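*Asks:* Sequence below, structure please.
(one chain, ligands or ions: 1)
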Amino acid sequence: MDFGKLYSERTHSMKASEIRELLKLTEKPNIISFAGGLPNPSTFPVKEVEEATHRVLRDHAKSALQYSTTEGVTVLREAVAEHLRKDGMTVHPDQVLITNGSQQGLDLLGRVFLDKGDTIIVANPTYLGALQSFNYFGAKYASAQSDGDGIIPESVEKCLADLKKKGIRPKFLYVVSTFANPTGTSISQSRRKRLLEIAHEHDLLIIEDDPYGKLRFDGADLPTIHSLDKGEGRVVYLGTFSKILVPGFRLAWSVAPMDVTRKMVISKQSVDLCTAAFTQYIAADLLAGGLIDKHLPQIISLYRGKRDIMLKAMDKHFPKESTTWTKSQGGLFTWAEMPQHVNTIQMLEAAVKKDVAYVPGKSFYPDPKEGFNTMRLNFSHPTDEKIQVGVERLGHLMQEWAAKPAKSVMA
Ligand SMILES: Cc1ncc(COP(=O)(O)O)c(C=O)c1O
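*Replies:* Reported below is the predicted structural model:
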(Lines give C-alpha, C1' and ligand atoms only; values in the text may rest on other atoms or scores of the structure.)
Protein backbone atom coordinates (compact mmCIF):
# COMPACT_ATOMS: atom_id res chain seq x y z
CA MET A 1 0.00 0.00 0.00
CA ASP A 2 1.11 3.55 -0.62
CA PHE A 3 0.79 4.90 2.91
CA GLY A 4 2.24 8.21 1.79
CA LYS A 5 -1.12 9.10 0.27
CA LEU A 6 -2.89 8.32 3.52
CA TYR A 7 -0.69 10.00 6.08
CA SER A 8 -1.91 13.19 7.69
CA GLU A 9 -0.27 16.53 7.06
CA ARG A 10 1.18 16.27 10.57
CA THR A 11 2.72 12.89 9.86
CA HIS A 12 4.23 14.18 6.64
CA SER A 13 5.83 17.05 8.52
CA MET A 14 7.39 14.71 11.15
CA LYS A 15 11.14 14.24 10.66
CA ALA A 16 13.34 11.48 12.09
CA SER A 17 16.11 13.18 13.99
CA GLU A 18 19.46 12.86 12.27
CA ILE A 19 21.08 12.82 15.69
CA ARG A 20 18.85 10.05 17.07
CA GLU A 21 19.89 7.96 14.06
CA LEU A 22 23.52 8.71 14.82
CA LEU A 23 23.00 7.81 18.47
CA LYS A 24 21.94 4.30 17.46
CA LEU A 25 25.65 3.78 16.80
CA THR A 26 26.29 4.39 20.47
CA GLU A 27 24.43 1.23 21.41
CA LYS A 28 27.51 -0.89 20.58
CA PRO A 29 28.32 -3.13 23.57
CA ASN A 30 31.77 -1.71 24.40
CA ILE A 31 30.93 1.90 24.08
CA ILE A 32 31.19 4.27 27.04
CA SER A 33 28.13 6.40 26.59
CA PHE A 34 27.58 9.83 28.04
CA ALA A 35 24.78 10.19 25.52
CA GLY A 36 21.87 8.83 27.54
CA GLY A 37 19.82 10.69 30.10
CA LEU A 38 18.97 7.70 32.24
CA PRO A 39 18.81 7.58 36.01
CA ASN A 40 21.19 5.02 37.51
CA PRO A 41 19.29 1.74 38.10
CA SER A 42 21.22 1.19 41.33
CA THR A 43 19.08 4.01 42.78
CA PHE A 44 15.83 2.13 42.19
CA PRO A 45 14.37 1.17 45.58
CA VAL A 46 13.42 -2.34 44.46
CA LYS A 47 12.68 -3.79 47.90
CA GLU A 48 10.54 -0.83 48.93
CA VAL A 49 8.63 -0.98 45.63
CA GLU A 50 8.05 -4.69 46.19
CA GLU A 51 6.74 -4.10 49.72
CA ALA A 52 4.50 -1.24 48.59
CA THR A 53 3.16 -3.44 45.76
CA HIS A 54 2.14 -6.07 48.31
CA ARG A 55 0.41 -3.46 50.46
CA VAL A 56 -1.45 -2.04 47.45
CA LEU A 57 -2.65 -5.49 46.37
CA ARG A 58 -3.67 -6.31 49.92
CA ASP A 59 -5.50 -3.05 50.65
CA HIS A 60 -6.55 -1.53 47.31
CA ALA A 61 -6.63 -4.32 44.72
CA LYS A 62 -10.11 -3.50 43.46
CA SER A 63 -9.32 0.10 42.62
CA ALA A 64 -5.62 -0.35 41.79
CA LEU A 65 -6.41 -2.91 39.08
CA GLN A 66 -9.33 -0.86 37.74
CA TYR A 67 -9.41 2.14 35.38
CA SER A 68 -8.80 5.32 37.33
CA THR A 69 -10.25 8.77 36.78
CA THR A 70 -8.46 10.76 34.08
CA GLU A 71 -7.28 13.26 36.69
CA GLY A 72 -5.47 10.51 38.58
CA VAL A 73 -5.98 8.56 41.78
CA THR A 74 -7.04 10.86 44.63
CA VAL A 75 -4.52 9.55 47.17
CA LEU A 76 -1.68 10.28 44.77
CA ARG A 77 -2.94 13.75 43.87
CA GLU A 78 -3.21 14.54 47.57
CA ALA A 79 0.26 13.16 48.27
CA VAL A 80 1.74 15.21 45.38
CA ALA A 81 0.00 18.39 46.59
CA GLU A 82 1.37 17.78 50.10
CA HIS A 83 4.88 17.08 48.73
CA LEU A 84 4.79 20.40 46.83
CA ARG A 85 3.36 22.31 49.80
CA LYS A 86 6.48 21.32 51.77
CA ASP A 87 8.43 23.22 49.10
CA GLY A 88 6.37 26.34 49.60
CA MET A 89 4.01 25.80 46.68
CA THR A 90 0.33 26.50 47.23
CA VAL A 91 -1.35 23.61 45.50
CA HIS A 92 -4.85 22.18 45.82
CA PRO A 93 -5.09 18.46 44.90
CA ASP A 94 -7.73 19.38 42.29
CA GLN A 95 -5.05 21.33 40.40
CA VAL A 96 -2.88 18.23 40.16
CA LEU A 97 -3.21 16.08 37.06
CA ILE A 98 -1.33 12.78 37.00
CA THR A 99 0.24 12.15 33.60
CA ASN A 100 2.12 9.38 31.85
CA GLY A 101 5.46 11.05 32.44
CA SER A 102 6.06 14.78 32.11
CA GLN A 103 6.47 14.10 28.44
CA GLN A 104 2.72 13.59 28.30
CA GLY A 105 2.26 16.82 30.27
CA LEU A 106 4.14 18.64 27.51
CA ASP A 107 2.03 16.97 24.83
CA LEU A 108 -1.20 17.89 26.64
CA LEU A 109 -0.06 21.50 26.97
CA GLY A 110 0.62 21.49 23.25
CA ARG A 111 -2.90 20.19 22.59
CA VAL A 112 -4.46 22.74 24.91
CA PHE A 113 -2.56 25.84 23.83
CA LEU A 114 -1.07 25.44 20.37
CA ASP A 115 -2.47 26.05 16.93
CA LYS A 116 -0.26 25.57 13.88
CA GLY A 117 2.16 28.49 13.57
CA ASP A 118 1.84 29.67 17.18
CA THR A 119 5.00 31.01 18.79
CA ILE A 120 6.61 29.87 22.05
CA ILE A 121 9.55 31.53 23.77
CA VAL A 122 12.21 29.05 24.87
CA ALA A 123 15.72 29.17 26.29
CA ASN A 124 18.45 28.52 23.81
CA PRO A 125 19.32 25.60 24.11
CA THR A 126 16.35 23.77 25.63
CA TYR A 127 14.94 20.28 26.24
CA LEU A 128 14.73 18.37 22.98
CA GLY A 129 11.66 16.39 24.07
CA ALA A 130 9.73 19.64 24.61
CA LEU A 131 10.67 20.87 21.14
CA GLN A 132 9.52 17.53 19.70
CA SER A 133 6.17 17.76 21.52
CA PHE A 134 5.56 21.35 20.48
CA ASN A 135 6.80 20.76 16.91
CA TYR A 136 4.01 18.22 16.51
CA PHE A 137 1.50 21.04 16.90
CA GLY A 138 3.34 23.21 14.38
CA ALA A 139 4.94 25.55 16.92
CA LYS A 140 7.41 28.28 15.99
CA TYR A 141 10.06 29.47 18.40
CA ALA A 142 11.53 32.70 19.62
CA SER A 143 14.73 31.76 21.41
CA ALA A 144 16.04 33.71 24.35
CA GLN A 145 19.72 33.53 25.24
CA SER A 146 20.87 31.84 28.43
CA ASP A 147 24.08 31.77 30.46
CA GLY A 148 25.32 30.15 33.67
CA ASP A 149 22.33 31.66 35.54
CA GLY A 150 19.76 30.30 33.11
CA ILE A 151 17.56 32.16 30.67
CA ILE A 152 18.38 35.89 30.45
CA PRO A 153 15.30 38.02 31.25
CA GLU A 154 16.45 40.90 29.01
CA SER A 155 16.63 38.46 26.14
CA VAL A 156 13.06 37.29 26.89
CA GLU A 157 12.01 40.95 26.84
CA LYS A 158 13.72 41.39 23.49
CA CYS A 159 11.87 38.37 22.09
CA LEU A 160 8.59 39.84 23.35
CA ALA A 161 9.34 43.24 21.82
CA ASP A 162 10.34 41.70 18.47
CA LEU A 163 7.22 39.55 18.41
CA LYS A 164 5.04 42.50 19.35
CA LYS A 165 6.38 44.46 16.38
CA LYS A 166 5.19 41.60 14.18
CA GLY A 167 1.82 41.53 15.94
CA ILE A 168 2.53 38.12 17.49
CA ARG A 169 1.47 37.15 21.00
CA PRO A 170 3.51 34.15 22.19
CA LYS A 171 1.46 31.36 23.71
CA PHE A 172 3.90 30.79 26.56
CA LEU A 173 7.47 30.83 27.83
CA TYR A 174 8.84 27.30 28.37
CA VAL A 175 11.73 26.84 30.81
CA VAL A 176 13.47 23.97 32.60
CA SER A 177 14.05 25.97 35.76
CA THR A 178 16.60 23.95 37.74
CA PHE A 179 19.60 21.84 36.59
CA ALA A 180 18.28 22.06 33.09
CA ASN A 181 18.42 19.43 30.42
CA PRO A 182 20.71 19.94 28.49
CA THR A 183 22.96 22.50 30.20
CA GLY A 184 22.80 21.54 33.88
CA THR A 185 22.34 25.22 34.82
CA SER A 186 19.58 26.79 36.93
CA ILE A 187 17.71 30.06 36.64
CA SER A 188 18.92 32.28 39.51
CA GLN A 189 16.42 33.49 42.11
CA SER A 190 16.54 37.10 40.94
CA ARG A 191 15.94 36.01 37.36
CA ARG A 192 12.97 33.88 38.46
CA LYS A 193 11.44 36.96 40.06
CA ARG A 194 12.20 39.08 37.02
CA LEU A 195 10.65 36.51 34.68
CA LEU A 196 7.44 36.69 36.72
CA GLU A 197 7.46 40.48 36.53
CA ILE A 198 7.92 40.29 32.77
CA ALA A 199 5.13 37.72 32.58
CA HIS A 200 2.92 40.10 34.54
CA GLU A 201 3.81 43.07 32.32
CA HIS A 202 3.16 41.11 29.12
CA ASP A 203 0.34 38.85 30.34
CA LEU A 204 2.49 35.84 29.57
CA LEU A 205 2.03 32.22 30.67
CA ILE A 206 5.12 30.39 31.98
CA ILE A 207 5.55 26.63 31.75
CA GLU A 208 8.03 25.52 34.38
CA ASP A 209 9.38 22.03 33.74
CA ASP A 210 11.20 20.80 36.83
CA PRO A 211 12.26 17.14 36.74
CA TYR A 212 15.66 17.73 38.37
CA GLY A 213 15.11 20.37 41.09
CA LYS A 214 15.28 17.83 43.92
CA LEU A 215 18.64 16.46 42.76
CA ARG A 216 20.76 19.20 44.33
CA PHE A 217 24.38 18.33 45.20
CA ASP A 218 25.63 21.74 46.39
CA GLY A 219 24.37 25.22 47.09
CA ALA A 220 21.10 26.50 48.49
CA ASP A 221 17.66 25.41 47.28
CA LEU A 222 15.93 27.75 44.85
CA PRO A 223 12.21 28.45 45.10
CA THR A 224 10.25 27.20 42.11
CA ILE A 225 8.93 29.91 39.81
CA HIS A 226 5.48 28.57 40.62
CA SER A 227 6.00 29.25 44.35
CA LEU A 228 7.07 32.86 43.61
CA ASP A 229 3.89 33.53 41.65
CA LYS A 230 1.70 35.06 44.30
CA GLY A 231 -1.85 34.60 43.17
CA GLU A 232 -1.63 35.42 39.47
CA GLY A 233 -1.79 31.80 38.32
CA ARG A 234 0.70 32.43 35.52
CA VAL A 235 2.76 29.29 35.95
CA VAL A 236 1.99 25.74 34.92
CA TYR A 237 4.36 23.46 36.81
CA LEU A 238 5.49 20.00 35.68
CA GLY A 239 7.14 17.51 38.04
CA THR A 240 7.93 13.82 37.69
CA PHE A 241 8.68 10.64 39.62
CA SER A 242 11.16 9.60 36.90
CA LYS A 243 14.26 11.02 38.55
CA ILE A 244 13.30 10.78 42.24
CA LEU A 245 11.76 7.29 42.23
CA VAL A 246 11.74 5.28 38.97
CA PRO A 247 11.11 6.26 35.34
CA GLY A 248 9.52 2.88 34.63
CA PHE A 249 6.29 3.84 36.39
CA ARG A 250 5.84 6.61 33.80
CA LEU A 251 4.30 8.83 36.46
CA ALA A 252 4.42 12.61 36.61
CA TRP A 253 2.19 15.53 37.48
CA SER A 254 1.15 18.91 36.24
CA VAL A 255 -0.09 21.72 38.46
CA ALA A 256 -2.10 24.36 36.67
CA PRO A 257 -4.93 26.80 37.29
CA MET A 258 -8.24 24.86 37.45
CA ASP A 259 -9.44 25.94 34.04
CA VAL A 260 -6.24 24.74 32.34
CA THR A 261 -6.26 21.48 34.33
CA ARG A 262 -9.84 20.80 33.14
CA LYS A 263 -8.82 21.34 29.52
CA MET A 264 -5.79 19.08 29.95
CA VAL A 265 -8.05 16.40 31.47
CA ILE A 266 -10.39 16.51 28.48
CA SER A 267 -7.39 16.25 26.13
CA LYS A 268 -5.99 13.34 28.10
CA GLN A 269 -9.28 11.46 27.89
CA SER A 270 -8.84 11.18 24.14
CA VAL A 271 -5.20 10.16 24.46
CA ASP A 272 -5.26 7.34 27.03
CA LEU A 273 -8.39 7.63 29.24
CA CYS A 274 -6.22 7.55 32.35
CA THR A 275 -2.76 6.82 33.72
CA ALA A 276 -2.28 3.27 35.12
CA ALA A 277 -3.94 3.13 38.54
CA PHE A 278 -1.66 0.35 39.79
CA THR A 279 1.59 2.34 39.69
CA GLN A 280 -0.24 5.42 40.97
CA TYR A 281 -1.25 3.54 44.14
CA ILE A 282 2.30 2.26 44.62
CA ALA A 283 3.78 5.75 44.15
CA ALA A 284 1.20 7.22 46.54
CA ASP A 285 2.15 4.64 49.19
CA LEU A 286 5.86 5.47 48.77
CA LEU A 287 5.42 9.24 48.65
CA ALA A 288 2.94 9.54 51.54
CA GLY A 289 4.91 6.98 53.57
CA GLY A 290 8.05 9.14 53.34
CA LEU A 291 10.14 6.71 51.26
CA ILE A 292 10.96 9.27 48.61
CA ASP A 293 12.23 11.88 51.07
CA LYS A 294 14.23 9.20 52.84
CA HIS A 295 15.67 7.79 49.62
CA LEU A 296 16.59 11.07 47.91
CA PRO A 297 19.88 11.65 49.83
CA GLN A 298 21.18 8.32 48.48
CA ILE A 299 20.45 9.32 44.88
CA ILE A 300 22.01 12.73 45.45
CA SER A 301 25.12 11.29 47.03
CA LEU A 302 25.64 8.81 44.16
CA TYR A 303 25.20 11.46 41.47
CA ARG A 304 27.31 14.02 43.33
CA GLY A 305 30.16 11.51 43.39
CA LYS A 306 29.77 10.88 39.67
CA ARG A 307 29.58 14.59 38.88
CA ASP A 308 32.80 15.12 40.85
CA ILE A 309 34.58 12.34 38.97
CA MET A 310 33.42 13.72 35.64
CA LEU A 311 34.42 17.30 36.42
CA LYS A 312 37.82 16.23 37.72
CA ALA A 313 38.45 14.16 34.59
CA MET A 314 37.26 17.02 32.36
CA ASP A 315 39.60 19.37 34.13
CA LYS A 316 42.48 17.01 33.45
CA HIS A 317 41.72 15.99 29.86
CA PHE A 318 39.49 18.55 28.11
CA PRO A 319 41.14 21.35 26.10
CA LYS A 320 40.81 24.11 28.70
CA GLU A 321 42.12 26.89 26.50
CA SER A 322 39.38 26.48 23.93
CA THR A 323 36.46 24.69 25.60
CA THR A 324 34.13 25.66 28.42
CA TRP A 325 31.79 23.43 30.37
CA THR A 326 29.19 23.78 33.09
CA LYS A 327 29.93 22.79 36.68
CA SER A 328 26.45 21.46 37.41
CA GLN A 329 25.30 21.72 41.01
CA GLY A 330 22.70 19.02 40.49
CA GLY A 331 20.78 16.97 37.95
CA LEU A 332 22.21 14.56 35.41
CA PHE A 333 24.19 16.59 32.88
CA THR A 334 27.10 18.82 32.06
CA TRP A 335 27.33 20.78 28.83
CA ALA A 336 30.45 21.66 26.88
CA GLU A 337 31.05 24.32 24.26
CA MET A 338 33.98 23.79 21.91
CA PRO A 339 35.50 26.37 19.56
CA GLN A 340 33.12 27.54 16.82
CA HIS A 341 34.91 25.62 14.08
CA VAL A 342 34.35 22.21 15.71
CA ASN A 343 31.30 20.32 14.49
CA THR A 344 30.36 17.91 17.29
CA ILE A 345 28.09 15.88 14.98
CA GLN A 346 31.09 15.03 12.82
CA MET A 347 33.26 14.53 15.87
CA LEU A 348 30.76 11.99 17.26
CA GLU A 349 31.55 9.58 14.43
CA ALA A 350 35.23 9.76 15.40
CA ALA A 351 34.29 9.39 19.08
CA VAL A 352 32.21 6.28 18.42
CA LYS A 353 35.23 4.74 16.65
CA LYS A 354 37.07 5.26 19.94
CA ASP A 355 34.13 3.72 21.85
CA VAL A 356 32.91 6.85 23.57
CA ALA A 357 29.74 8.85 22.91
CA TYR A 358 27.90 12.06 23.84
CA VAL A 359 24.89 13.92 22.45
CA PRO A 360 25.79 16.63 19.93
CA GLY A 361 24.18 19.79 21.26
CA LYS A 362 22.65 20.99 18.00
CA SER A 363 19.36 19.15 18.55
CA PHE A 364 18.64 21.23 21.64
CA TYR A 365 18.51 24.43 19.62
CA PRO A 366 15.25 25.42 17.95
CA ASP A 367 17.27 27.22 15.26
CA PRO A 368 18.84 24.52 13.03
CA LYS A 369 21.83 26.76 12.33
CA GLU A 370 22.96 26.93 15.96
CA GLY A 371 24.82 24.77 18.45
CA PHE A 372 27.18 22.84 16.15
CA ASN A 373 30.07 23.21 18.59
CA THR A 374 28.24 21.98 21.71
CA MET A 375 27.65 18.66 23.46
CA ARG A 376 25.69 17.20 26.38
CA LEU A 377 27.34 14.73 28.73
CA ASN A 378 25.45 12.53 31.18
CA PHE A 379 27.14 11.45 34.41
CA SER A 380 24.32 9.67 36.27
CA HIS A 381 24.39 6.39 34.37
CA PRO A 382 27.98 5.26 33.57
CA THR A 383 30.10 3.57 36.25
CA ASP A 384 32.73 5.71 37.99
CA GLU A 385 35.51 3.93 36.13
CA LYS A 386 33.81 4.38 32.77
CA ILE A 387 33.41 8.09 33.46
CA GLN A 388 37.16 8.40 34.01
CA VAL A 389 38.17 6.32 30.99
CA GLY A 390 35.50 7.84 28.73
CA VAL A 391 36.33 11.45 29.57
CA GLU A 392 40.02 10.75 28.99
CA ARG A 393 39.31 9.24 25.55
CA LEU A 394 36.96 12.02 24.63
CA GLY A 395 39.35 14.65 25.95
CA HIS A 396 42.13 13.43 23.66
CA LEU A 397 39.79 13.59 20.69
CA MET A 398 38.60 17.07 21.67
CA GLN A 399 42.22 18.24 21.96
CA GLU A 400 42.79 17.02 18.41
CA TRP A 401 39.65 18.56 16.96
CA ALA A 402 40.05 21.85 18.77
CA ALA A 403 43.59 22.15 17.42
CA LYS A 404 42.67 21.31 13.80
CA PRO A 405 42.58 24.28 11.46
CA ALA A 406 38.97 25.44 10.96
CA LYS A 407 38.67 24.37 7.31
CA SER A 408 39.62 20.76 7.81
CA VAL A 409 36.79 20.10 10.29
CA MET A 410 33.98 22.05 8.63
CA ALA A 411 32.18 19.84 6.08
C1 LIG B 1 13.39 18.66 30.99
C2 LIG B 1 12.63 17.38 30.89
N3 LIG B 1 11.29 17.42 30.87
C4 LIG B 1 10.56 16.30 30.80
C5 LIG B 1 11.16 15.06 30.73
C6 LIG B 1 10.29 13.84 30.62
O7 LIG B 1 10.30 13.11 31.81
P8 LIG B 1 9.28 11.95 32.11
O9 LIG B 1 8.37 11.81 30.93
O10 LIG B 1 10.09 10.74 32.35
O11 LIG B 1 8.53 12.39 33.33
C12 LIG B 1 12.56 14.95 30.75
C13 LIG B 1 13.20 13.65 30.65
O14 LIG B 1 14.36 13.46 30.67
C15 LIG B 1 13.31 16.16 30.83
O16 LIG B 1 14.65 16.15 30.85
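
*Asks:* contacts, neighbours, all on C-alpha from now
*Replies:* Noted.

*Asks:* Could you check how far residue 176 is from the ligand?
*Replies:* Residue 176 is 6 Å from the ligand, where distance means Cα to the nearest ligand atom, to the nearest Å.

*Asks:* Contacts only, for the closest residue to that residue other than its chain neighbours.
*Replies:* Residue nearest to residue 176 in three dimensions, not counting chain neighbours: residue 209, with 4.7 Å by Cα to Cα, 6 or more residues apart in numbering. Residue 209 makes contact with 174-177, 237-239, according to Cα atoms under 8 Å, 6 or more residues apart in numbering.

*Asks:* Out of the residues you listed, grab the one that's most surrounded.
*Replies:* In terms of neighbours by other Cα atoms under 10 Å, the contacts of residue 209 top out with residue 176 at 28 neighbours.

*Asks:* Got phi/psi on that residue?
*Replies:* The phi and psi values for residue 176, taken as degrees, to the nearest 10, are phi -100, psi 110.

*Asks:* next SSE after the helix or strand where residue 106 lies?
*Replies:* According to DSSP states H and E, residue 106 maps onto helix 101-113. Once the chain leaves helix 101-113, the next helix or strand it forms, by DSSP H and E, is strand 119-124.

*Asks:* just to revisit the earlier point, centre of the chain to the helix holding residue 106, how far?
*Replies:* 13 Å (Cα atoms, centre = their mean, to the nearest Å).

*Asks:* just stretch 395-403 next, same as before
*Replies:* Centre-to-centre, stretch 395-403 and its host chain are 29 Å apart (Cα atoms, centre = their mean).

*Asks:* which ones are touching the spatially most central residue of the chain?
*Replies:* Ranked by distance to the mean C-alpha position of the chain (Cα atoms, centre = their mean), the top residue is residue 181 at 4.8 Å. Residues in contact with residue 181 (Cα under 8 Å, 6+ apart) are 126-127, 332-333.

*Asks:* try 6 Å this time
*Replies:* Residue 181 is in contact with residue 127, counting by Cα atoms under 6 Å, 6 or more residues apart in numbering.

*Asks:* now residue 39
*Replies:* By Cα under 6 Å, 6+ apart, residue 39 lies in contact with 380-381.

*Asks:* so it is in which element?
*Replies:* Using DSSP H and E, residue 39 sits in no helix or strand.

*Asks:* Tell me how far residue 102 lies from residue 323.
*Replies:* Distance, residue 102 to residue 323, by Cα to Cα, to the nearest Å: 33 Å.

*Asks:* give me the number of residues near residue 285?
*Replies:* By the criterion of other Cα under 10 Å, residue 285 has 22 neighbours.

*Asks:* so what's it up against?
*Replies:* Applying Cα under 6 Å, 6+ apart to residue 285 gives no contacts.

*Asks:* got the buried residues for stretch 7-16?
*Replies:* For stretch 7-16, burial by neighbour count (16 or more other Cα atoms under 10 Å) applies to no residue.

*Asks:* State the mean pLDDT of it.
*Replies:* On average, the pLDDT along stretch 7-16 is 84.

*Asks:* quick one: terminal-to-terminal distance for that stretch?
*Replies:* With Cα to Cα as the measure, the ends of stretch 7-16 fall 15 Å from one another.

*Asks:* Counting by contacts, list what the lengthiest helix in the chain packs against.
*Replies:* Of all segments of type helix in the chain, defined using DSSP state H, the longest is helix 291-317. If you count contacts as 3 or more Cα pairs under 6 Å, 6 or more residues apart in numbering; DSSP states H and E, helix 291-317 packs onto helix 384-403.

*Asks:* Just give me the neighbour total for residue 263.
*Replies:* By the measure other Cα under 10 Å, the count of residues near residue 263 is 15.

*Asks:* And what about it, helix, strand or coil?
*Replies:* What DSSP: H, G, I helix; E, B strand; the rest coil gives for residue 263 is helix.

*Asks:* Now it. Nearest residue, chain neighbours left out?
*Replies:* Using Cα to Cα, 6+ apart and skipping the chain neighbours, the partner closest in space to residue 263 is residue 112 (6.5 Å).

*Asks:* quick one on the thing from earlier: what separates the longest helix of the chain from the chain centre, distance-wise?
*Replies:* Centre-to-centre, helix 291-317 and its host chain are 18 Å apart (Cα atoms, centre = their mean).

*Asks:* what angle do it and helix 384-403 make?
*Replies:* Calculated by axes from the mean of the first three to the mean of the last three Cα atoms, to 10 degrees, helix 291-317 forms an angle of 40 degrees with helix 384-403.

*Asks:* quick one, what contacts the residue of the stretch 301-411 of the chain at minimum distance from the ligand?
*Replies:* Proximity of the stretch 301-411 of the chain to the ligand (Cα to the nearest ligand atom) peaks at residue 332, 9.0 Å away. Neighbouring residues of residue 332 by Cα under 6 Å, 6+ apart: 378-380.
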